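A.B. asks: The following comprises the amino acid sequence and a computationally predicted model.
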Amino acid sequence: MIKNIKYLAILAVGLVACEPEFDNPIDESGVFTSGEANFSNFVALGNSLTAGFADGALYITGQENSFPNILSQQFALAGGGEFTQPLMADNAGGFSNDPVRFPTRFVLAFDAQGNPGPARFTGAAPTTDFTNNLGSSFNNMGVPGAKSYHLAAPGYGNAAGVAAGLANPYYARFASSATSTVIGDAVAQSPTFFSLWIGNNDILSYATSGGVGEDHNVTGNLDPSTYGSNDITNNNVFASVYNDLLAALTSNGAGGVVLNLPDVTSLPFFTTVPNNALVLDATQAASLTGFFQAVVGIVTAQIAGTGAPLAQAQAIASQYAITFNAGPNRFLIKTEVTPTNPLGFRQMTEEELLVLTIDQAALAQGYGSVVLTPEVLQVLGILQAGGMPTAEQGALVIAAISAIDDQDALDSDELTAIETARTSFNATIAGLAAANGIAFYDVASDLSQAANGGIPFNGGIITSDFVTGGGFSLDGVHPTPRAHALVTNGILDAIQETYGAQLPRVDPGDFGTVTLSNEVN
Amino acid sequence: MKKLLSLVLFISVVSATYAGGYRVSVQGQRAIAMGHTGVAVVNSAELVFFNPAGLVYLENNLNVSVGASAIFTDVIYQNASLGTTAETDSSVGTPLNLYGSYKVNDWMSVGLGVYTPYGSEVTWPTDWAGSHLVNNIDLAAIYVQPVVSFKLSDYFSIGGGPIYVTGSVNFNRNFNRSLTDIEGNRSNITVDDSGVSNWGWSVGAMFNPTENLRIGFSYRSEIILEAEDGEATFANFPNSPAFPANGNTTFSAELPLPAELTIGLSYEYKKWLFAFDFNRQYWEVYESLDLTFGNGATSLNPRNYKNSSVYRFGLQYQATEKIALRAGYYRDESPVQSGFFAPETPRNDSDGFSGGFSFAVTPRLAIDASFFYLRFDEIDESYDFGVDPVSGQAVPFEGTYKSSAFAPGLGLTYKM
């Protein structure tokens, strides 16, 4: 009997060894391949998009869901090595030593009325100190805020220069020295494969600032060291810098992928507050129309008062005879004060945009149209009764006009400047990718689809709608983890086409969108 | 020695008894060894489960059978287009069974059984690709049943009795595919309840047209376990009025333990005994797993099982006076319909191979050994009825699955 048990034990061991196995197990080597690419040391170079910046801050889970990190997990199925990132110290985001300029992330919070909206997270204070240098060897070299030429700028990671705005605190965390460059630190790691997505900020900061910066395609300034932070980079400067970056990255024969620049004006940052959010009923519309008729009368009198012919005064003043209708009306924006537009405002055109950060409470109080005080109404009463207001009373009416400031809107000239630069940058990117024989992902086209109908996935559709669309985080500019997953798949398509790499795609539905929290004080 | 060797070979060649859904067919060591047949086999007190009508034909006045199996199950998953893989933690379940019968007089026997016909234990890696459907589940139901058996003649008997069931469940899964708290921890829900009880019954009949041929019938009723005010734990939800608060609340849910009809026969020829059982399992009752939580949340999970059949074949050879060798095979059809393949019970059609032996230590006491091995085909399947609780969108979960189960068991039979 004891012998029996021994045999049974052997039998049992034999059968337990009979574990299930697939006919074609995908975790065996040879199923997924890198093609002609070598993923063993993948280095990602770029700005906030590469870093995983989202919700107005850099924080750990955003970094973990950055497209380079997701990509590296797919690369790992075909020879990809470890992928390291300069992780922040927490999921609150922001810097402990500069929390005013670098505050915590946005979360989606509900107010007392149950309305959701973005708010800064206050559940924990920032604990990341940017002077705490983590060393220069990270696979993810994305630096939030970096423009193209910053990647090659010595001292961009000098922590001592951060306070003065001369250096970038994100790069300071892993710069190899006070004078190192991002591209130098990247090349020093001898990447076998790279991603480069740069240039967005060369137009984006101009756009998000409402176009208050300078367009160096107009100034012709070719020295980026003199550029302000909200300027548009000159096309030739961009082309030269981009060429140098690619030359450095491919110098040791590395393969790579580059991404072009999406249309910034389709970002929720510019599409969420409509330019015709001035919603009036019939009485309000008639009242406002009457107000501007009064303005026409006052301006006509003022110009005529300077000795100009009455017909000329009427012609100039007539531009202010703005008619308002019941329903949505477009706001007024400030323009330059010129002899032909002495008050310096006009109504917005259809394509012009407002920024997400505009004071919406002020809009409700008359910002963008007219702030009607009792004194102003009194003057209007005089006018309606056929009376003639005094010069002081006329000035009161003119002062009631509250057109939108330059930094809160993108006017048509600014939009043209942005699009001109973007078109040129994208031509440079596509051309240099082809010239260097590296993969090119037209992410601009996918983002355009997100903004125009949406991109379907297993579990819904990703659109560019703010908060609800699933594509953009709560700053209205940076992608959600789900959008990073889409970008990853687009890159995998491009790599497959150029290098023949066969890698599985990710399911965007497995990635989250915006984070909710009511820990916002 | 030669005999032992042949015994091992015998066992190796043939091999027993799991069943679809969360039915676990391990209700007797002698039966397991014969493909879990037994509705027409008069052999031991295991008849309390298989067919109480047969108890009255046992030769001895007192019969006791106890046994336990160690079930090793393993399920692997992969999705070739997403490059995801997962494997369950090779859990070991140890269902017990205990039967006794006593012949009161020539025409009546009474018996008592404790057995565990339903259960499931599956543990996937936490936060795996299908974690919105299940991270882990542990389901157990213990049946306690007194029976009485009447011999109406040498040709015909009937039997039956009430069943008391007490069940327990522990089930954890993530809220959906992506929700996390601020730190990135996946939001998840655990439900836990035990001592969920209800009553049912079974009846059986046995017909012996000739000395060597027996025909059996048995039917065990459906029992619905209704968990009321069990404990539900919400964890890692974001701190937001849009979601339930973290912490404990209650839950209510119903889980059916389906009815099972068995008809079968056995034929004895010299030292050989052949048995055939046909099971019909009425899984249709399992339409949906619906959970209602004390905090107002609900979770509706369509299951839409279909009735299924199992065909069982068993063979016994009385090798020596002391040693009986057994073998069996069965074909088990899964009650899970295509498109409803959820990883909490990842079972498709399977082939069971079983074997075993009894060794009579004394004329009264025998050791029963059994094992079974379940072979599943690799299957590409999906669960198409998962709905994201936030977006309301259907989110199918698909992949390739392959399972296996192996269970050695030991028991004792005592007769007096």
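C.D. replies: Looks like it came in fine.

A.B. asks: which SS state does whichever residue of chain A sits closest to chain B fall under?
C.D. replies: Among the residues of chain A, residue A:504 lies closest to chain B, at 3.1 Å counting by C-beta to the nearest C-beta. Using the backbone N, CA and C atoms, a C-beta is placed for each residue, glycine as well. When classified by DSSP: H, G, I helix; E, B strand; the rest coil, residue A:504 comes out as coil.

A.B. asks: That one - nearest residue in space that isn't next to it in sequence?
C.D. replies: For residue A:504, ignoring the flanking residues on the chain, the nearest one in space by C-beta to C-beta, 6 or more residues apart in numbering or on different chains is residue B:83 at 3.1 Å.

A.B. asks: same question, residue B:224
C.D. replies: residue B:256 (5.1 Å).

A.B. asks: In which helix or strand does the one you found reside?
C.D. replies: Under the criterion of DSSP states H and E, residue B:256 resides in strand B:247-257.

A.B. asks: Which strands or helices does that strand pack on?
C.D. replies: Other elements packing on strand B:247-257 under the criterion 3 or more C-beta pairs under 8 Å, 6 or more residues apart in numbering or on different chains; DSSP states H and E are strand B:156-174, strand B:188-207, strand B:223-235, strand B:288-293.

A.B. asks: Tally up the residues packed near the closest residue to residue A:54 other than its chain neighbours, please.
C.D. replies: Once flanking residues are discounted, residue A:54 sits nearest to residue A:473: 3.8 Å by C-beta to C-beta, 6+ apart. Residue A:473: 29 surrounding residues under other C-beta atoms under 10 Å in any protein chain shown.

A.B. asks: Report the contact partners of the closest residue to chain A within the stretch 201-350 of chain B.
C.D. replies: Nearest to chain A in the stretch 201-350 of chain B, going by C-beta to the nearest C-beta, is residue B:240, at a distance of 3.8 Å. Applying C-beta atoms under 8 Å, 6 or more residues apart in numbering or on different chains to residue B:240 gives the contacts A:108-110, A:516-518.

A.B. asks: Name the residues of the stretch 201-350 of chain B found near chain A, please.
C.D. replies: Proximity of the stretch 201-350 of chain B to chain A, by C-beta under 8 Å from any C-beta of the partner chain, involves residues B:238-243.

A.B. asks: Any of these buried? List them.
C.D. replies: If you count burial by 16 or more other C-beta atoms under 10 Å in any protein chain shown, the buried members of these come out as B:238-240, B:243.

A.B. asks: quick one on the thing from earlier: when you check the contacts of residue B:240 against the strands, which ones overlap?
C.D. replies: In this view, those that belong to strands under DSSP state E are A:108-110.

A.B. asks: May I ask which of these has the most neighbours?
C.D. replies: residue A:109 leads those on contacts (other C-beta under 10 Å) with 24 neighbours.

A.B. asks: Tell me how many other residues surround the residue lying closest to residue A:312 once chain neighbours are set aside.
C.D. replies: Of all residues not flanking residue A:312 in the chain, residue A:303 sits nearest, at 7.3 Å (C-beta to C-beta, 6+ apart). For residue A:303, the tally of surrounding residues (other C-beta under 10 Å) stands at 20.

A.B. asks: What does the one residue sitting closest to the centre of chain A show for phi and psi?
C.D. replies: The residue lying closest to the centre of chain A (C-alpha atoms, centre = their mean) is residue A:477, at 2.8 Å. Torsion angles at residue A:477 (phi, psi; degrees, to the nearest 10) stand at phi -120, psi -50.

A.B. asks: doesn't residue A:204 make contact with it?
C.D. replies: Yes. With contact defined as C-beta atoms under 8 Å, residue A:477 reaches residue A:204; the gap is 7.1 Å.

A.B. asks: for whatever helix or strand comes next after the strand holding residue B:256, packing partners?
C.D. replies: Of the helices and strands lying after strand B:247-257 in sequence (DSSP H and E), the nearest is strand B:260-269. Contact analysis of strand B:260-269 by 3+ C-beta pairs under 8 Å, 6+ apart lists strand B:213-220, strand B:272-281 as its packing neighbours.
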